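[1] Kindly generate the corresponding structure for this input.
(4 chains)
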There are 2 protein chains.
Amino acid sequence: MIKIDKENTEEKILNAAKKVFVTKGSDGARMQEIADEAGINKSLLHYYYRSKEKLFAAVFKFAFKKFAPNLMGIFENESDIFTKITSFIHSYIDIINKNPFIPLFIINEVSKKNAGFVGAVIKNSGMNIDLFEKEIKKEIKKGTIKQVDHRQLIVNILALCVFPFIGRPIIQKVVFEDNENQYDDFLKSRKEEVSNLIINSITLTEGSDK
Amino acid sequence: MIKIDKENTEEKILNAAKKVFVTKGSDGARMQEIADEAGINKSLLHYYYRSKEKLFAAVFKFAFKKFAPNLMGIFENESDIFTKITSFIHSYIDIINKNPFIPLFIINEVSKKNAGFVGAVIKNSGMNIDLFEKEIKKEIKKGTIKQVDHRQLIVNILALCVFPFIGRPIIQKVVFEDNENQYDDFLKSRKEEVSNLIINSITLTEGSDK
DNA sequence: CCTATCTTTGACCAAATGGTTAAACTGTTT
DNA sequence: AAACAGTTTAACCATTTGGTCAAAGATAGG
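    You can find the predicted model right below:
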């Protein structure tokens, strides 16, 4: 028997909730709007998810997992450190490109309700930089790269990848005369720009080794 | 006659509104909370500022002006380009340090209500990168710095300065094991880190000139 | 002291909002 | 077709929230 994967109600709700929560935030989101977006009665939201908070929790978990886990996996393969970092940057920008509003959503919600389940989600996400740290320290010892602080490095990478997306409305206005197409081109060129900048910052310069 | 600069009601309201709006956002902020914060009756909010939106507008204007205008002024003095950029980074991080929640507040509100008065505030803020662009292009022609795209450069600078503040809750958890003091130290070291990274990225390398 | 204006307050209002409930509907089992 | 469980809906509720209003306080001028 063929199981038709027609979107069932629960999925419809979750998808609608993702859309509304991510764009409007937990404060700005309205249960009625989520119901409308899903094309169902508002009571059904409470039938499947007991409260707004529970529904929000489901959305947040989903959003955070999308950005947290698979990233450090890149550092498990066998290529050299420069290739690893470059491919990390490329794939991270790709992910954001596909979900440009999620980073700001996450930052916001973590800032607002740092306590409670949000903190727990982060801890349980398995996101940690141990592999990254080990790798960087190893390469420094080997003399492949400069003596850099791995924490500064990871923040630099994240900043350069994420900021153009979350700051888009302002940057586009101030720096690009509000031209959307131009900004899309700009975003496309970011993978190379960020890769070059980061690689350049860890590459040994003449006379700096030892 | 001595004019005692005792905070009058209107100022009390604006200051309370700044605090509440900036930390909770326009959606999360409550008029009652602002009144409580100011220690006055809620009706007074409407007496001095006609509506929540008007009050919010006053706060947003203030916040945006604090971050927009004086920054490009640095590029008017006579020092060399490296010094200019370095001092820009230093003073920008100083400003954010004094108002760590304003950047996220601005990004949020611009993202939410890009239209309307928010867009107007940005345009009327006098914030533009013409001076910066001219300066960079001049130095490239002179051969003082690499051939860089001035828009990539300014976005890089802003990203590296701003992101550690708006992403603090997450970064602190994931990268610093939720240690606040350690994160404060990290922020202090950012001025040098960002300056070095940016200067390094525009400095000519052997054999790259012409 | 009286009046006029500005400031402040508490009581109140209408709309919005998250949530509940009982009834209707649908599909499956016997 | 009757009974049952799962699903969906409309009507309703309590609370919150931005906002109004008339009256009370304060302040200054005549």
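
[2] Every contact and neighbour count from this point should use C-alpha atoms.
    Noted.

[3] Grab the most central residue of chain A for me.
    A:Phe67 (4.0 Å; C-alpha atoms, centre = their mean).

[4] where's that residue relative to chain B, distance?
    Going from A:Phe67 to chain B by C-alpha to the nearest C-alpha, to the nearest Å gives 12 Å.

[5] Would you mark the buried spots in stretch A:165-179?
    A:165-176 (16 or more other C-alpha atoms under 10 Å in any protein chain shown).

[6] residue boundaries of the helices in chain A?
    A:9-28, A:31-38, A:42-48, A:52-67, A:81-98, A:102-112, A:116-124, A:130-142, A:150-166, A:168-175, A:180-202 (DSSP state H).

[7] just checking, which of those comes out with the lowest mean pLDDT?
    Mean pLDDT per stretch puts helix A:116-124 lowest among those, at a mean of 85.

[8] Please point out which parts of it sit buried.
    Buried, per 16+ other C-alpha under 10 Å, within helix A:116-124: A:118-119, A:121-122.

[9] Check those one by one and keep those near DNA strand D.
    Among the buried residues of helix A:116-124, no residue lies close to DNA strand D (C-alpha under 7 Å from any atom of the strand).

[10] Now render those residues as TSV, adding distance to B:Ile102.
    Output for those, formatted as TSV (distance: C-alpha to C-alpha, whole Å):
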residue	distance to B:Ile102
A:Val118	22
A:Gly119	23
A:Val121	26
A:Ile122	24
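
[11] What about chain B: which of the residues you listed touch it?
    Subset of the buried residues of helix A:116-124 in contact with chain B: A:Ile122, counting by C-alpha under 8 Å from any C-alpha of the partner chain.

[12] The residue nearest to the centre of chain A: what's it in contact with?
    A:Ile95 (C-alpha atoms under 8 Å, 6 or more residues apart in numbering or on different chains).

[13] What distance separates the opening and closing residues of stretch A:122-140?
    29 Å (C-alpha to C-alpha, to the nearest Å).

[14] Flag every buried residue along that stretch.
    Those buried within stretch A:122-140 under the rule 16+ other C-alpha under 10 Å are A:122, A:125, A:127-129, A:132-133, A:135-137, A:140.

[15] likewise stretch A:28-42?
    A:28-31, A:34-35, A:37-38, A:42.

[16] returning to that earlier point: can you tell me which of the buried residues of stretch A:122-140 lies closest to DNA strand C?
    Proximity of these to DNA strand C (C-alpha to the nearest atom of the strand) peaks at A:Ile122, which lies at 23.1 Å.

[17] what's near enough to touch that closest one?
    A:64, B:173-174.

[18] Out of those, the closest to DNA strand C would be?
    A:Phe64 (21.6 Å).

[19] how much space between that closest one and A:Leu153?
    22 Å.

[20] likewise A:Asn108?
    Where A:Leu153 is concerned, A:Asn108 sits at a distance of 23 Å (C-alpha to C-alpha).

[21] So these two - more neighbours on which side?
    A:Asn108 (23 against 17; other C-alpha atoms under 10 Å in any protein chain shown).

[22] Those residues of chain A touching DNA strand D, which are they?
    So far as C-alpha under 7 Å from any atom of the strand goes, chain A lies against DNA strand D at A:9, A:40-44, A:47.

[23] and chain A, which residues reach chain B?
    For chain A, the contact set with chain B under C-alpha under 8 Å from any C-alpha comprises A:24, A:27-28, A:104, A:107-108, A:110-112, A:114, A:122-123, A:127-129, A:151-152, A:155-156, A:159-160, A:163-164, A:166-167, A:169-171, A:173-175, A:193, A:197, A:200-201.
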